[in-house]
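Peer 1: structure for this input, please:
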Amino acid sequence: MTYGEAKSRCLKMQDELKPKSDLLEKLPGFFDAAQKEVAQYYPIWREKRYSETDERTLPADCWEPWTIQGDGFLWFWGQDAKFDGLPDAFTLKYKAWPETITADTPDSQEEAVLAVIYLAAAMCQQMEDDQRPFSTFYSQYQGKMQNLMAQEKDVAVVIEPDFDI
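Peer 2: Numbering: from 1, shown residues only. Alright, predicted model coming up:
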């Protein structure tokens, strides 16, 4: 779903067919905050392939490096990990920050998940006197986040014990 479709859906959920300019000005900030909130719990995974001639630096959108995969090996990125001692070519898998949404962000560029739309709608309603729409949208957001978390797969690692019981 594009950013434009997400904005349209958010406004329709609030029954804002002719939104005021102040709401339209706030939407980019709400969507930016919402997508960064969701990304903390449901990360955006990206990979970068390094060749022997590439500079060994983390990508600009890297939030947290995760694994390094190469010719028959897999290393988990640790706190003290460095690019030293790696083979000539490898792939870095990492969690990426979402792109920042501003008033100038084209409607066609951004991706959005349903949880982001509900959180942005809740943010639009959070200062209203009637808190029922806020509660409804925020509850929907929490439900969508639970659904996303259920899809998350854990990594299983078997570590052979070095002692006998």
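Peer 1: what ranges do the strands span in this protein?
Peer 2: 44-50, 62-70, 73-76, 90-96 (DSSP state E).
Peer 1: what packs against the third one?
Peer 2: Contact analysis of strand 73-76 by 3 or more C-beta pairs under 8 Å, 6 or more residues apart in numbering; DSSP states H and E lists strand 62-70 as its packing neighbours. The C-beta positions use only the backbone N, C-alpha and C, and glycine is treated the same way.
Peer 1: who wins for proximity to residue 121 among the strands of the chain?
Peer 2: Set against residue 121 and scored by C-beta to C-beta, the strands of the chain come closest in strand 44-50, at 21.3 Å.
Peer 1: give me the angle between that closest one and strand 62-70.
Peer 2: 50 degrees (axes from the mean of the first three to the mean of the last three C-alpha atoms, to 10 degrees).
Peer 1: contact partners of strand 44-50?
Peer 2: For strand 44-50, the surrounding residues in contact (C-beta atoms under 8 Å, 6 or more residues apart in numbering) are 56, 59, 61, 66, 89-98.
Peer 1: ok, and the closest non-adjacent residue to the spatially most central residue of the chain?
Peer 2: Nearest residue to the geometric centre of the chain (C-alpha atoms, centre = their mean): residue 39, 2.6 Å. Nearest non-adjacent residue to residue 39, counting by C-beta to C-beta, 6 or more residues apart in numbering: residue 98, 5.2 Å away.
Peer 1: quick check: pLDDT value at that neighbour.
Peer 2: Note on residue 98: pLDDT of 84.
Peer 1: quick one: contacts for it?
Peer 2: Listed by C-beta under 8 Å, 6+ apart, the contact partners of residue 98 are 35, 36, 39, 44, 110.
Peer 1: wait, isn't the first one in contact with residue 116?
Peer 2: Spelled out, that is residue 35. Yes: if you go by C-beta atoms under 8 Å, residue 35 and residue 116 touch, sitting 5.0 Å apart.
Peer 1: those two: which has the busier surroundings?
Peer 2: residue 116 (30 against 26; other C-beta atoms under 10 Å).
Peer 1: ok, and the closest non-adjacent residue to that one?
Peer 2: Leaving aside its sequence neighbours, residue 116 sits nearest to residue 34 (C-beta to C-beta, 6+ apart; 4.6 Å).
Peer 1: and residue 140, by the same measure?
Peer 2: Per C-beta to C-beta, 6+ apart, closest to residue 140 is residue 118, 4.3 Å.
Peer 1: okay, now the one you found: neighbour count?
Peer 2: By other C-beta under 10 Å, neighbour count at residue 118 equals 25.
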